[in-house]
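In: fold the following.
(chains A, B, C and D)
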Protein chains: 2
Amino acid sequence: MANKPDLLPGTLDMLILKTLARAPLHGYGVALSIKRLSDDVLTVEEGSLYPALQRLLLQGWVKAEWKMTETKRRARFYTLTAAGRKQLGIELSQYEQMIAAIGRVLSDPKEA
Amino acid sequence: MANKPDLLPGTLDMLILKTLARAPLHGYGVALSIKRLSDDVLTVEEGSLYPALQRLLLQGWVKAEWKMTETKRRARFYTLTAAGRKQLGIELSQYEQMIAAIGRVLSDPKEA
DNA sequence: TTCTATCCATAGAATATCTATGGTTATGCG
DNA sequence: CGCATAACCATAGATATTCTATGGATAGAA
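Out: Here you go, the predicted model:
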């Protein structure tokens, strides 16, 4: 917390699911997408990314298949499942609720 | 993540510092304050609260002294130090930056 | 051919939070 | 009076998440 974290703990699964909701992608592509959309504020390290994808697979929220990329490389493409789409909705609403609640605590008068 | 977390990991220290920025309080009071301001969305368990306060003490961001409460009980009152006030500023700006970045990822078109 | 970017993945450390536990004391209630 | 409950403090151990470090493979550019 004293040193800049790469991302807010607890939000990675949501970010991945959201990214895959737009279109199937391989892991590396997911990380790049999050990095770019966030203007380089959020960085998904590979050591966080792949374990997270394993979690999502285990939960049945995504499925994977090996394919070739446009750049002629083998890569594992992940696709959101119906359960994953549902889960994304749950996580989004919990997240919004949390953020709103934190906002109420932070915005209370007196001091920065 | 599947089960509602009591709070967003990584935000507890900031919430405590912010609460103490308003006025010195004892641990129990801090937890109550956060719970109430957040309309019961955020719950700080005692097992999270006291270790967090120890962390803040160690970092020199708060100082503590035993006093009596209005209800005639002994309690440890925590006060924000100058360093703590500075730290709060840092954490607030990092948090805002993170939230904004996550917002950009989440608000990108296509799918919920 | 060497370097860089693209890709996958795991092990182990560090960190944060939760659950469970245990203790003290003031006060209200039956 | 006895008991429950709310007000308080604190720690140990489990759990989960993320990061650092490592290792590997290949396409294409320099």
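In: per-residue confidence at the residue sitting nearest the centre point of chain A?
Out: In chain A, the residue lying closest to the centroid (C-alpha atoms, centre = their mean) is A:L15, at 2.1 Å. In the prediction, the pLDDT value recorded for A:L15 is 98.
In: any idea how far it is from DNA strand C?
Out: A:L15 sits 16 Å away from DNA strand C, taking C-beta to the nearest atom of the strand, to the nearest Å as the criterion. Every residue, glycine included, has its C-beta placed from N, CA and C.
In: and A:D108, how far from A:I102?
Out: As defined by C-beta to C-beta, to the nearest Å, A:D108 lies at a distance of 11 Å from A:I102.
In: anything in the strand or helix carrying A:G103 sitting right up against chain B?
Out: Assigning secondary structure by DSSP states H and E places A:G103 in helix A:82-107. Yes. Interface with chain B: helix A:82-107 contributes A:85, A:87-89, A:91-92, A:94, A:97-102, A:104-106 (C-beta under 8 Å from any C-beta of the partner chain).
In: what packs against that helix?
Out: Using 3 or more C-beta pairs under 8 Å, 6 or more residues apart in numbering or on different chains; DSSP states H and E as the contact criterion, the elements in contact with helix A:82-107 are helix A:12-22, helix A:46-59, helix B:12-22, helix B:27-37, helix B:82-107.
In: got the buried residues for the last one?
Out: To tie it back to what came earlier, the one meant is helix B:82-107. By neighbour count with 16 or more other C-beta atoms under 10 Å in any protein chain shown, helix B:82-107 contains the buried residues B:84, B:87-88, B:91-92, B:94-95, B:98-99, B:101-102, B:104-106.
In: quick check, nearest of these to chain A?
Out: For those, the closest approach to chain A (C-beta to the nearest C-beta) belongs to B:A101, at 3.6 Å.
In: report the contact partners of the closest one.
Out: B:A101 makes contact with A:38-39, A:41-42, according to C-beta atoms under 8 Å, 6 or more residues apart in numbering or on different chains.
In: ok, it to A:I34 distance?
Out: Per C-beta to C-beta, B:A101 is found 9 Å from A:I34.
In: returning to that earlier point: how far off centre is the helix holding A:G103?
Out: Remark: helix A:82-107 is offset 13 Å from the chain centroid, using C-alpha atoms, centre = their mean, to the nearest Å.
In: could you do stretch A:77-94 as well?
Out: Using C-alpha atoms, centre = their mean, we find the averaged C-alpha position of stretch A:77-94 to lie 10 Å away from the chain's own average C-alpha position.
In: let me see the mean pLDDT of that stretch.
Out: Here the average pLDDT along stretch A:77-94 is 97.
In: dump it to PDB, restricted to CA.
Out: Once non-C-alpha atoms are left out, stretch A:77-94 reads as follows in PDB (Å, rounded to 0.1, in the frame of the first residue of the first chain):
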ATOM      1  CA  PHE A  77      -8.000 -18.400 -26.300                       C
ATOM      2  CA  TYR A  78     -10.400 -17.900 -23.500                       C
ATOM      3  CA  THR A  79     -14.200 -17.500 -24.000                       C
ATOM      4  CA  LEU A  80     -16.700 -16.400 -21.400                       C
ATOM      5  CA  THR A  81     -19.400 -19.000 -20.600                       C
ATOM      6  CA  ALA A  82     -23.000 -18.300 -19.700                       C
ATOM      7  CA  ALA A  83     -22.000 -18.800 -16.000                       C
ATOM      8  CA  GLY A  84     -19.100 -16.500 -16.500                       C
ATOM      9  CA  ARG A  85     -21.400 -13.800 -17.800                       C
ATOM     10  CA  LYS A  86     -23.700 -14.200 -14.800                       C
ATOM     11  CA  GLN A  87     -20.700 -14.100 -12.500                       C
ATOM     12  CA  LEU A  88     -19.500 -10.900 -14.100                       C
ATOM     13  CA  GLY A  89     -22.800  -9.300 -13.400                       C
ATOM     14  CA  ILE A  90     -22.600 -10.300  -9.700                       C
ATOM     15  CA  GLU A  91     -19.000  -9.000  -9.400                       C
ATOM     16  CA  LEU A  92     -19.800  -5.700 -11.100                       C
ATOM     17  CA  SER A  93     -22.700  -5.000  -8.800                       C
ATOM     18  CA  GLN A  94     -20.700  -5.900  -5.700                       C
END
